[in-house]
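K.L.:
any chance you could fold what I've pasted below:
(4 chains)
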There are 4 protein chains.
Amino acid sequence: MKPQHNNPSNITEHTVETQRDDTTCRTEHSTNMDARTRHHGYAKDKKRLITRMRRIEGQVHAITRMIETDTYCIDILTQISASNSALKSVALLLLEDHLDTCVASAAAEGGPVADEKMDEAIAAITRLVKS
Amino acid sequence: MKPQHNNPSNITEHTVETQRDDTTCRTEHSTNMDARTRHHGYAKDKKRLITRMRRIEGQVHAITRMIETDTYCIDILTQISASNSALKSVALLLLEDHLDTCVASAAAEGGPVADEKMDEAIAAITRLVKS
Amino acid sequence: MKPQHNNPSNITEHTVETQRDDTTCRTEHSTNMDARTRHHGYAKDKKRLITRMRRIEGQVHAITRMIETDTYCIDILTQISASNSALKSVALLLLEDHLDTCVASAAAEGGPVADEKMDEAIAAITRLVKS
Amino acid sequence: MKPQHNNPSNITEHTVETQRDDTTCRTEHSTNMDARTRHHGYAKDKKRLITRMRRIEGQVHAITRMIETDTYCIDILTQISASNSALKSVALLLLEDHLDTCVASAAAEGGPVADEKMDEAIAAITRLVKS
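P.N.:
Numbers count the residues shown, from 1 in each chain, chains lettered A, B, ... in the order given. Next up is the predicted model:
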């Protein structure tokens, strides 16, 4: 279905490397969560996130095409700004789901896992704010 | 070669709509520029820009895959921040080329076209800073 | 030399308006927290935050002075970028403390207060990412 | 009540250090510009810029006060985001004036000075986009 488009080997490797095991939020204490939220915090928005990402893939591919076809610089910049905003919106939705589920359940448990989750979330927010 | 991936019709239309005629920087006074810089200001970096954009297409597609395969939220956020930074770098290179060529030559000519170019560049920078 | 400048009445009012009552994190369930963390989540970093803010006040006032004394534009832009980064660092430290204390304790309690805290935190992060 | 606060000596030094000599845009070819634009590109907006900066000084000082008086974290974050946006608006106005005057006149002259001006402007925009 999905053809072999843009997928340089280093990206594939990275994706593989960052895929984790099969427990919710990567912590043991989440085993009592229901099936719908298994694996991660964005289960309820997964479909919506994928739809948005496909649209962004289209936008980003369109930018490449604009450069290839010698489109006027300013029009390309406009498209890049739009893609950036769209990516940030996806990030904020993922983050919201993450805080609502993984971080919240870790906080409810308390202990070092809770601290680790908070540190990890803050580091991700910092990267996002600076990106 | 390039398969029919992610290219919703609205994106295609947008690309078409934003493609302009065949004059450098869309202003008549650039006719005396050499062939290498015809059409736009990024001719000398075109190859590099396309290479970078293809890598970003790969990164963005990898993000979609990460969501589809239930990758841990934080790892996806890291990838989104990286893609945002990469897109901003492309935008800054485009902008640099645009200022060095289109805006510089318009400024050299002066008059209303120069003003228009400056206004246009500032609007693009504003969108970029806020994206 | 410098008179009682930076405190227009509207700012003062705003500050007053946003000051809340005397409970930690504005929720009742925090009454069992110790005195050091009463009122808010940044008690342990309060001194450091104030020191940083005073430095930023100095930077921002220096920007005004640079404009008043006709300093070269680019040098002012450099100073503005530095102040923005410094303000974002303060925001990220505040946010970290807020997640570690207020949000974590609300999450531990659960219920509508926890949801409200999360929504509020996400809204603040969104504003920060877009600012 | 509030003593000689925001002016640590290092800031003063920095301001002095970045103040340049008395020529417009720091380049010789600007001597034929009229008196209103002497020294820099933002002469026509100087008053407006100073007014805005004084308001931002007030906002930033209010943030310090909010921390001192144990204001709720989220309210402080809101104020920081507002100050960041206000600073970016000042930066964009300065940049616009700079491009319209200093960069435009350098571009009209051409040569190494024009190149230098463009490089300098791009570096400033890059810092701003990343701040």
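K.L.:
got the residues of chain A near chain D?
P.N.:
Within chain A, the residues that sit near chain D (Cβ under 8 Å from any Cβ of the partner chain) are A:K130. Backbone N, C-alpha and C define where each C-beta goes, glycine included.
K.L.:
can you get me a residue count around the residue in chain A that chain C sits nearest to?
P.N.:
Minimum separation of chain A from chain C (Cβ to the nearest Cβ) falls at A:A107, amounting to 3.6 Å. Using other Cβ atoms under 10 Å in any protein chain shown, A:A107 has 26 other residues around it.
K.L.:
so what's the residue nearest to A:V90 when sequence neighbours are not counted up against?
P.N.:
Of all residues beyond its chain neighbours, the one nearest A:V90 is A:R52 (5.4 Å), with distances taken as Cβ to Cβ, 6 or more residues apart in numbering or on different chains. For A:R52, the contact set (Cβ atoms under 8 Å, 6 or more residues apart in numbering or on different chains) comprises A:A86, A:S89, A:V90.
K.L.:
can you check A:E68 too?
P.N.:
The neighbours of A:E68, taking Cβ under 8 Å, 6+ apart as the test, are B:I50.
K.L.:
I'd like to know how far it sits from B:E57.
P.N.:
Between A:E68 and B:E57 the distance is 12 Å, computed by Cβ to Cβ, to the nearest Å.
K.L.:
cool, and A:Q79?
P.N.:
Distance, A:Q79 to B:E57, by Cβ to Cβ: 13 Å.
K.L.:
one step back: I'd say the residue of chain A closest to chain C and C:A107 touch.
P.N.:
Yes - contact status for A:A107 versus C:A107: in contact at 3.6 Å, counting by Cβ atoms under 8 Å.
K.L.:
buried sites along stretch A:82-100?
P.N.:
Neighbour counts over stretch A:82-100 (16 or more other Cβ atoms under 10 Å in any protein chain shown) mark A:82-84, A:86-88, A:90-100 as buried.
K.L.:
helices - which of the residues you listed land there?
P.N.:
Judged by DSSP state H, the subset of the buried residues of stretch A:82-100 located in helices is A:82-84, A:86-88, A:90-98.
K.L.:
nearest to chain D, of those?
P.N.:
Nearest to chain D out of these is A:N84 (Cβ to the nearest Cβ; 10.2 Å).
K.L.:
one step back: packing partners of the host helix or strand of the residue of chain A closest to chain C?
P.N.:
Applying DSSP states H and E as the criterion places A:A107 in helix A:104-109. The helices and strands touching helix A:104-109, judged by 3 or more Cβ pairs under 8 Å, 6 or more residues apart in numbering or on different chains; DSSP states H and E, are helix A:111-130, helix C:104-109.
K.L.:
out of these, deepest packed?
P.N.:
For the helices and strands packed on helix A:104-109, the stretch with the most neighbours on average is helix C:104-109, a mean of 22; neighbours defined as mean count of other Cβ atoms under 10 Å in any protein chain shown.
K.L.:
any idea how far that one is from the chain center?
P.N.:
Relative to the mean C-alpha coordinate of its chain, helix C:104-109 is positioned 22 Å out (Cα atoms, centre = their mean, to the nearest Å).
K.L.:
what residue in chain A comes nearest to chain D?
P.N.:
Of all residues in chain A, A:K130 sits closest to chain D, with a separation of 7.3 Å (Cβ to the nearest Cβ).
K.L.:
now for A:V60: which residues touch it?
P.N.:
Under the criterion of Cβ under 8 Å, 6+ apart, the contact list for A:V60 reads A:S83, B:M53, B:I56, B:E57, B:V60, B:L87.
K.L.:
what would those residues look like in JSON lines with pLDDT?
P.N.:
As requested, these are exported to JSON lines (pLDDT from 0 to 100):
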{"residue": "A:S83", "pLDDT": "97"}
{"residue": "B:M53", "pLDDT": "98"}
{"residue": "B:I56", "pLDDT": "98"}
{"residue": "B:E57", "pLDDT": "98"}
{"residue": "B:V60", "pLDDT": "98"}
{"residue": "B:L87", "pLDDT": "97"}
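K.L.:
between those residues, which is nearest A:A114?
P.N.:
When those are compared for distance to A:A114 (Cβ to Cβ), B:V60 comes out closest, at 32.5 Å.
K.L.:
quick one: secondary structure of the closest one?
P.N.:
Each residue gets one of three states, and B:V60 gets helix by DSSP: H, G, I helix; E, B strand; the rest coil.
K.L.:
what sits closest to it if chain neighbours are left out?
P.N.:
The shortest distance from B:V60 to any residue other than its chain neighbours is 5.0 Å, reached at A:V60 (Cβ to Cβ, 6+ apart).
K.L.:
low-confidence stretches in chain A?
P.N.:
For chain A, the stretches flagged by pLDDT under 70 are A:1-39.
K.L.:
how does it look with 80?
P.N.:
Low-confidence regions of chain A, defined here as pLDDT under 80, cover residues A:1-40.
K.L.:
what does chain A put close to chain C?
P.N.:
A:88, A:91-92, A:95-96, A:99-100, A:103-105, A:107-108, A:110, A:114-115, A:118, A:121-122, A:125-126, A:128-130.
K.L.:
tell me the buried residues in stretch A:43-57?
P.N.:
Buried, per 16+ other Cβ under 10 Å, within stretch A:43-57: A:A43, A:D45, A:L49, A:R52, A:M53, A:R54, A:R55, A:I56, A:E57.
K.L.:
send the alpha carbons of that stretch over as CSV?
P.N.:
This file holds the C-alpha atoms of stretch A:43-57, laid out as CSV (Å, rounded to 0.1, in the frame of the first residue of the first chain):
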residue,chain,number,x,y,z
ALA,A,43,-4.4,5.8,22.0
LYS,A,44,-7.6,7.9,21.9
ASP,A,45,-6.1,10.4,19.4
LYS,A,46,-4.1,7.9,17.3
LYS,A,47,-6.3,8.1,14.3
ARG,A,48,-6.4,11.9,14.4
LEU,A,49,-2.7,12.1,14.8
ILE,A,50,-2.0,9.9,11.8
THR,A,51,-4.4,11.9,9.7
ARG,A,52,-2.6,15.1,10.6
MET,A,53,0.8,13.6,10.1
ARG,A,54,-0.2,12.4,6.6
ARG,A,55,-1.3,15.9,5.8
ILE,A,56,2.1,17.3,7.0
GLU,A,57,3.9,14.6,5.0
